[in-house]
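Undergrad: Take this sequence and fold it.
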Amino acid sequence: MSSNSIKLLAGNSHPELAKLVSMRLGIELAKIAVFQYSNQETSVTIGESVRDEDVFILQTGCGEINDNLMELLIMINACKTASARRITAVMPNFPYARQDKKDKSRAPITAKLMANMLQTAGCNHVITMDLHASQIQGFFDVPVDNLYAEPSVLKYIRESVDYANAVIVSPDAGGAKRAAALADRLDLNFALIHKERQRANEVSRMVLVGDVAGKVALLVDDMADTCGTLVKAAETLTTHGAVGVVAIVTHGILSGKACERISASKLTRVICTNTVPHDDKKLICPKLDTIDISPTLAESIRRLHNGESVSYLFNHVPL
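TA: Below is the predicted model of the structure:
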């Protein structure tokens with residue numbers, strides 16, 4: 001396969017990330033028009049041939065999440081019926097990843113429905129990042145590469161955070177493994193916050209396990225949505241004597257009043273990767289900072305296309 005047979009297509013969910021990835025790969029984005037008719041139906045027109053090409057479609061879960069998802073499914077199907085050799089959906093933030101189990105009766109497992117829909121549309125491969133639950137890979141019958149933001153986060157901490165006097169904190173038991181791995185790599189101590197929920201998206205009380213007194217707390221999580229957890233965790237940590245609280249999350253969804261909450265909170269900084277666009281939010285919330293993960297995505301696309309191993313990216317940032 002020659003290197004010019006990568007076709008990179010982008011939906012409307014995150015044009016900035018698509019540009020960064022295409023620049024990194026040194027290829028142009030393929031010509032494609034994705035728009036909505038006045039009756040809200042999505043229309044897709046691919047402006048160049050994809051016959052027998054290796055097609056990568058970049059679309060992340062954010063904003064008008066269902067419109068973006070429908071866009072992705074239609075784009076995949078358009079490429080399939082146009083005889084693409086292989087279609088890879090690049091979904092940095094996998095939509096509906098939190099609905100991954102039946103935690104109460106009659107609850108849908110929507111993440112499995114996502115897998116079925118992507119496969120029915122004609123998807124042969126999925127690249128995603130920091131899945132909410134890694135078992136979601138098992139919902140697919142096609143290969144799923146779940147990349148990690150950890151190497152990029154480590155690089156950021158080493159370059160931009162004075163971490164000699166820091167402690168890594170997980171805001172819930174679910175993220176303990178992620179935080180412990182990070183603490184190991186940085187040779188730091190690790191603390192955990194146990195939270196008790198009353199209703200979904202609402203946290204009632206928090207209990208800190210570990211010592212943060214006199215230290216900078218680095219709160220690590222996979223996703224910041226309404227930011228209720230992070231704000232409350234920052235409060236708990238400050239009460240226990242932390243001198244600063246820096247939150248580092250992979251997917252900064254920041255929905256609803258998240259920005260106002262962050263601005264009014266005890267959080268010193270909130271650092272998100274750009275799996276989800278948040279440039280507009282940075283204008284209204286000066287505490288936000290970005291880690292660019294486009295090199296990791298671009299490198300995974302290049303490696304996949306050339307039939308090389310992707311596991312190198314689990315521990316390294318591409319040069």
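
Undergrad: and stretch 257-275, which residues are buried?
TA: For stretch 257-275, the neighbour count (16 or more other C-beta atoms under 10 Å) marks 258-259, 261-262, 265-267, 269-275 as buried. Using the backbone N, CA and C atoms, a C-beta is placed for each residue, glycine as well.

Undergrad: domain parsing for this structure?
TA: By the assignment in automatic domain parsing, the chain contains the domains 3-147+294-314, 150-291.

Undergrad: State which helix of the chain is the longest.
TA: Longest helix in the chain, counting residues (DSSP state H): helix 65-81.

Undergrad: chain center to it, what's the gap?
TA: 19 Å (C-alpha atoms, centre = their mean, to the nearest Å).

Undergrad: and what of stretch 47-57?
TA: 25 Å.

Undergrad: how about low-confidence regions in the stretch 51-200 of the chain?
TA: Where the stretch 51-200 of the chain drops to pLDDT under 70, the residues are 197.

Undergrad: can you give me the strands in it?
TA: With strands called from DSSP state E, counting those that start in this stretch, the stretch 51-200 of the chain shows them at 54-58, 86-91, 125-129, 144-147, 166-170, 189-199.

Undergrad: sorry, back to before: which residues touch the longest helix of the chain?
TA: Residues outside helix 65-81 that contact it (C-beta atoms under 8 Å, 6 or more residues apart in numbering) are 9, 11-13, 32, 34, 36, 42, 44, 46, 50, 55, 57, 59-62, 87, 89, 91, 95, 114, 117-118, 121-123.

Undergrad: Swap in 6 Å and give it another go.
TA: Helix 65-81 is contacted by residues 11, 13, 34, 42, 44, 46, 50, 55, 57, 59, 87, 95, 117, 121-123 when judged by C-beta atoms under 6 Å, 6 or more residues apart in numbering.

Undergrad: Can you turn the buried part of these into a PyMOL selection?
TA: The following PyMOL line selects those of the contacts of helix 65-81 that are buried, judged by 16+ other C-beta under 10 Å:
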select buried, resi 11+13+34+42+44+46+50+55+57+59+87+95+121+122+123
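
Undergrad: before we move on, the earlier item: turn the buried residues of stretch 257-275 into a markdown table, columns for pLDDT and secondary structure.
TA: Supplementary listing: the buried residues of stretch 257-275 in a markdown table, determined by pLDDT from 0 to 100; DSSP: H, G, I helix; E, B strand; the rest coil:
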| residue | pLDDT | secondary structure |
| --- | --- | --- |
| 258 | 95 | helix |
| 259 | 96 | helix |
| 261 | 96 | helix |
| 262 | 96 | helix |
| 265 | 96 | coil |
| 266 | 95 | coil |
| 267 | 97 | coil |
| 269 | 96 | strand |
| 270 | 97 | strand |
| 271 | 97 | strand |
| 272 | 97 | strand |
| 273 | 97 | strand |
| 274 | 97 | strand |
| 275 | 97 | coil |
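
Undergrad: In which helix or strand does residue 289 reside?
TA: Using DSSP states H and E, residue 289 sits within strand 288-291.

Undergrad: Adjacent strands (with direction) for that strand?
TA: Paired neighbours of strand 288-291 in the sheet (DSSP bridges): strand 269-273 (parallel).

Undergrad: List the neighbours of the partner strand that are in contact with it.
TA: Contacts for strand 269-273 (C-beta under 6 Å, 6+ apart): 149, 246-250, 252, 262, 278, 287-289, 291, 293.
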